[in-house]
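> Test case, fold it:
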Amino acid sequence: MADRPVPLRRYLVANAVALAPSYVALATLYWTGALAGRPALIAAAGIAVVTALLVQRYLGSLAQFARFVGNLSDEREPVMPRLSFAPATEELATAAATLSAGWRRQRASIDNLAASAQAIVDGLPDPLIAVDRQRRIVRTNLAAAALLGPVGAERDLSTVLRHPQLLAAVDSLLETGADGNFTGVDQSAVEFALAGPPERDVIAQLRRLSRAAADGSLALIVLHDTTAQRRAERMRADFVANASHELKTPIAGLAGFIETLRGPARDDAGARERFLGIMAEQADRMRRLVDDLLMLSRIEQHEHARPDREIDLDRVLRGVLDLLQLKASSRSVRIELAVAAGLPRAIGDHDELTIVFQNLIDNAIKYARPSTVVRVAAGPDGQGSVFVAVSDEGDGIPAAHLPRLTERFYRVDTARSRQLGGTGLGLAIVKHVVNRHRGRLDIRSTPGKGSTFTVTLSAAD
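Below you'll find the model as predicted:
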């Protein structure tokens, strides 16, 4: 910091104060006759010169002291000035430097403690949000940012979690009476769902602190993701209900054929061969059904965890086409693949995307009219995503059925679906895989002309 001159007014006032005792003494000596006029004037002039020099040095020392203290207050570490002309000021500067060093150590300790506390909070696996008395967000951890996105401080909790039950529970926790004391319980729990995709089931554990923390935190909200647990419970119930419903018919058929073979057709070789063939078909249908149910359950269990690998869609599609070419040829259906040049890689799971496109292309082959073409096109959509569209030239699907196509065991034509070997789970599997990839499934169909199923996925950067 550059030295600034002492203001003239301060300099004049300091000189006047310093000269006053000497001039009073000279005036007294002159009026009593102890000192002649000329010597008195000479003495006054000499005293003024010496005093001016001394005052200038003293004011300069005070200015240095002021600058030193100013630098200390800016958390700098200035060099200790030499104030030998003002020993008391030098002692004050030493004391100020000692006090500043102690404050810096204490401040560093506080900063380290705050950083350690935040590191511990960030290390918690569950999202945590701390709010103050006015329900404003004071502190969050990394898990909260991952679940809810960037959460800025000093925002009302309702801007992040718009769930009336949760907000009412927090308000009840922070409610005070006329005497300023809290009137409600100091902890509670609220269950709610976070919008997706995919939707998440959450339990919020709320606790009020005995007193506000240094940062103003008064209530803590810890969010426990119970999606996997709830999904497992639903899957168990759905599996039992769906499996019992879908397996009932083939099991009844098998039981009937076995009873027939044991009874009236015991010695009928022709009937036995025919019944065994039908039983083999029913057993194979049950096997496919169980396999699809297990696959769907496995996908649903991990639907909340988004894949993060880069996938070559061209390679995936060509692998699927190699698997289905024989089936397409048996139905006199030709498959055409059109992949855009320079197709970006997609973010996803190779095996699961293979299942998706295998289901879609297999459906297109099954429901296409003989001697027609199934077209598979892939390319960028210009919005940081890539698409794969599977089109057939079949009978199409009435518009009333489109919203329900991805439901489990929903069939437009139940008899035809079972005749063609469908389990009713293919599009449900497709939907859940696409949801896990945070993608989109679009279905368009024109009765009499055919259908197009389009899957949109995030492209790799």
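> Residue 410 belongs to a strand?
No: note on residue 410: no strand contains this position according to DSSP: H, G, I helix; E, B strand; the rest coil, which reports coil.
> who touches it in this structure?
By CB atoms under 8 Å, 6 or more residues apart in numbering, the contact set of residue 410 is 404, 424. For the C-beta atoms, the positions are set from N, CA and C on the backbone; glycine is no exception.
> can you pull the pLDDT of it?
If you check residue 410, the pLDDT there is 71.
> Quick check: it vs residue 402, distance?
Distance of residue 410 to residue 402, computed by CB to CB, to the nearest Å: 11 Å.
> can you list residues touching both of those two?
When contacts are counted by CB under 8 Å, 6+ apart, the set common to residue 410 and residue 402 is empty.
> Kindly list the main-chain dihedrals of residue 359?
Geometry field for residue 359 lists phi and psi as phi -60, psi -50, criterion degrees, to the nearest 10.
> contacting residues around stretch 40-49?
Under the criterion CB under 8 Å, 6+ apart, external residues in contact with stretch 40-49 comprise 15, 19, 22-23, 26, 29-30, 35.
> Could you work out the most separated pair of those residues?
Distances among the contacts of stretch 40-49 were taken as CB to CB; the most separated pair is 15 and 35, at 22.1 Å.
> what ranges do the helices span in the protein?
Under the criterion DSSP state H, the chain carries helices at the ranges 8-31, 37-73, 87-122, 142-148, 164-174, 227-262, 269-301, 313-330, 350-367, 414-419, 426-436.
> just flag whichever of those has the lowest average confidence.
helix 414-419 (a mean of 54).
> Spell out which residues sit in contact with the residue nearest the centre of the chain, please.
Nearest to the mean C-alpha position of the chain, counting by CA atoms, centre = their mean, stands residue 146 at 2.3 Å. The contact partners of residue 146, taken as CB under 8 Å, 6+ apart, are residue 127.
> Please apply the same query to the one 10 residues further on.
Applying CB under 8 Å, 6+ apart, we find residue 156 in contact with 134-137.
> Residues in a beta bridge with it, which ones?
The partner list for residue 156 in beta bridges (DSSP bridges) reads residue 136.
> count of neighbours near residue 430?
Here the number of neighbours of residue 430 (other CB atoms under 10 Å) works out to 24.
> Same check on residue 178?
By other CB under 10 Å, 6 other residues sit near residue 178.
> Distance of it relative to residue 170?
21 Å.
> care to break this protein down by domain?
Each structural domain of the chain that the record assigns through automatic domain parsing is listed here as a residue range: 8-107, 123-225, 227-305, 308-461.
> End to end on stretch 205-224, go ahead and measure it.
One end of stretch 205-224 to the other measures 8 Å (CA to CA, to the nearest Å).
> Please disregard the earlier target; I meant stretch 142-158.
Stretch 142-158 has an end-to-end distance of 19 Å (criterion: CA to CA).
> Buried ones in it, by neighbour count?
Of the residues in stretch 142-158, those scored as buried under the neighbour-count criterion (16 or more other CB atoms under 10 Å) are 143-144, 147, 151, 157.
> Next, format those residues as CSV and append distance to residue 450.
Shown next, in CSV, are those (distance: CB to CB, whole Å):
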residue, distance to residue 450
143, 47
144, 47
147, 42
151, 47
157, 51
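> ok, of those residues, which one's closest to residue 129?
Taking CB to CB as the measure, residue 129 lies nearest residue 144 of those, at 5.6 Å.
> how close does the closest one sit to residue 301?
Between residue 144 and residue 301 the distance is 24 Å, computed by CB to CB.
> That'll do, ta.
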